[in-house]
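Novice: Test case, fold it:
(one chain, ligands or ions: 3)
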Amino acid sequence: MEIFKTKEALKAYLKPLKASGKKVALVPTMGALHNGHISLIKLAQENADIIICSIFVNPTQFTDPKDLEKYPRPIEHDLAMLNDAGCNGVFMPNVAEMYPSGADENWHIDLGKAEFLLEGEFRKGHYQGVTQIVKKLFDAVEPDVAMFGQKDFQQVLMIKNMLAHFKLPIKIITCPIIREDDGLAMSSRNIHLSETDRKNALVLSKSLQFVADNFASYSLNELEKQAKSFYHNVEGVELDYFTIANGDTLEPSKSKDESNLVALVAAKVGNTRLIDNMIIK
Ligand SMILES: Nc1ncnc2c1ncn2[C@@H]1O[C@H](COP(=O)(O)OP(=O)(O)OP(=O)(O)O)[C@@H](O)[C@H]1O
Ligand SMILES: CC(C)(CO)[C@@H](O)C(=O)[O-]
Ligand code: BAL
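Specialist: Ligands and ions are numbered 1, 2, ... in the order given. This is a model prediction of the structure:
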């Protein structure tokens, strides 16, 4: 497995491979890898010949400086996992390599109304930061395909809007959410959960599963009300939002007849903010 710290070195590695017709996949991550990330690498291997995983904790998408500071960075563990998974190359630039003129350089694109909903409401400017770095990663790798997890449902929509904005010919593949045996969605931030938090965190997947299992039996309002009631008696868990939304617009769903419905949740569990979602239909 090759390791690259500069765009120049990465491009030099990829150039002859692309010239010989190899298809390249990019798996962007912020490191602290788990089996959710590895599932993206495996799916990438089914869709391309050369797999590049990027590890970069992107400062411009963090709205809480403490969250950025305490983001886990177990780099040796990450490299071992990627090597075992058969990843071909890891791109791990530093901040100066990705933001040569400073992390506050000018960037603003129209991502549509959905930018300001849900995560966009609680993490203002988050998707400008995400699309800014993903565009830089796309420019560095020029991949044929790029893999993103459904766990960050809104992120996938935003990245597709960014691709449309720049008319980039990259295929986006959305990968299913990988969960722990008890249902908790795998996430790098799970490492911050205390033993009690870890138990309490199950309320996210349970409330989503409730909606999926009972969709036929209740109205949308009743489903949302009952799902939110899961959070009433869980000490140390603070719900940011729980919504059943249209999967294209992320606006609250108006009718059960809509063809593309997803339940999305974000909650603080102890000091750790987690998100999760389930596609209902
Ligand atoms: N449980 C999961 N299943 C599938 N894909 C996932 C899972 N968790 C994260 N991903 C995907 O991996 C990619 C990199 O995500 P990231 O490095 O931010 O990890 P994360 O576990 O989501 O961390 P965080 O705690 O920051 O949310 C994203 O496309 C994300 O959606
Ligand atoms: C796509 C991404 C790597 C951009 O920093 C990040 O938002 C993530 O890990 O989901
Ligand atoms: N996986 C989403 C990246 C973030 O929380 O900033």
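Novice: going forward, measure contacts between C-alpha atoms and count neighbours the same way
Specialist: Will do.
Novice: Worst mean pLDDT across the helices and strands of the protein, which element?
Specialist: Confidence across the helices and strands of the chain bottoms out at helix 65-69, with a mean of 93, counting by mean pLDDT, DSSP states H and E.
Novice: Test for you: state the pLDDT assigned to the residue nearest to L220 when sequence neighbours are not counted.
Specialist: Spatial nearest neighbour of L220, excluding adjacent residues (C-alpha to C-alpha, 6 or more residues apart in numbering): K256 at 6.8 Å. Model confidence at K256, given as pLDDT, is 96.
Novice: With H165 instead?
Specialist: 98.
Novice: so it sits in a helix?
Specialist: Yes - if the criterion is DSSP: H, G, I helix; E, B strand; the rest coil, then H165 is within a helix.
Novice: roughly how far apart are the closest residue to Q209 other than its chain neighbours and ligand 2?
Specialist: Once flanking residues are discounted, Q209 sits nearest to M278: 7.5 Å by C-alpha to C-alpha, 6+ apart. Distance, M278 to ligand 2, by C-alpha to the nearest ligand atom, to the nearest Å: 17 Å.
Novice: wait, does the one helix or strand M278 maps to make contact with ligand 1?
Specialist: Per DSSP states H and E, M278 falls inside strand 272-279. No - shown here: strand 272-279 not in contact with ligand 1 (C-alpha under 6 Å from any ligand atom), separated by at least 7.1 Å.
Novice: and what of stretch 24-33?
Specialist: Yes - Stretch 24-33 lies within reach of ligand 1 by C-alpha under 6 Å from any ligand atom, at 28-31.
Novice: how about that stretch, does it reach ligand 2?
Specialist: Yes - for stretch 24-33, a contact with ligand 2 is found by C-alpha under 6 Å from any ligand atom, at 28-30.
Novice: in terms of contact, does the residue nearest to L220 touch E222 like I think?
Specialist: No - if you go by C-alpha atoms under 8 Å, K256 and E222 don't touch, sitting 11.9 Å apart.
Novice: Quick check: residues of the stretch 51-200 of the chain near ligand 2?
Specialist: 58, 130, 133-134.
Novice: Could you rerun that using 5 Å?
Specialist: V130 (C-alpha under 5 Å from any ligand atom).
Novice: Contact partners for the closest residue to T249 other than its chain neighbours?
Specialist: Of all residues not flanking T249 in the chain, A114 sits nearest, at 6.0 Å (C-alpha to C-alpha, 6+ apart). Going by C-alpha atoms under 8 Å, 6 or more residues apart in numbering, A114 touches 120, 154, 158, 249-251.
Novice: Which of those residues sits closest to ligand 1?
Specialist: Q154 (9.6 Å; C-alpha to the nearest ligand atom).
Novice: Now that closest one: phi and psi?
Specialist: Main-chain torsions, Q154, degrees, to the nearest 10: phi -70, psi -30.
Novice: burial count for it?
Specialist: 23 (other C-alpha atoms under 10 Å).
Novice: Local confidence estimate at it?
Specialist: 98.
Novice: what about K254, neighbour count?
Specialist: Residues near K254, counting by other C-alpha under 10 Å, number 12.
Novice: same deal with T29?
Specialist: 17.
Novice: In this structure I280 contacts L261, no?
Specialist: Yes - under the criterion of C-alpha under 8 Å, I280 makes contact with L261 at 5.4 Å.
Novice: which ones are touching Q61?
Specialist: Contact partners of Q61, counting by C-alpha under 8 Å, 6+ apart, are 125-130.
Novice: Done for today, thanks.
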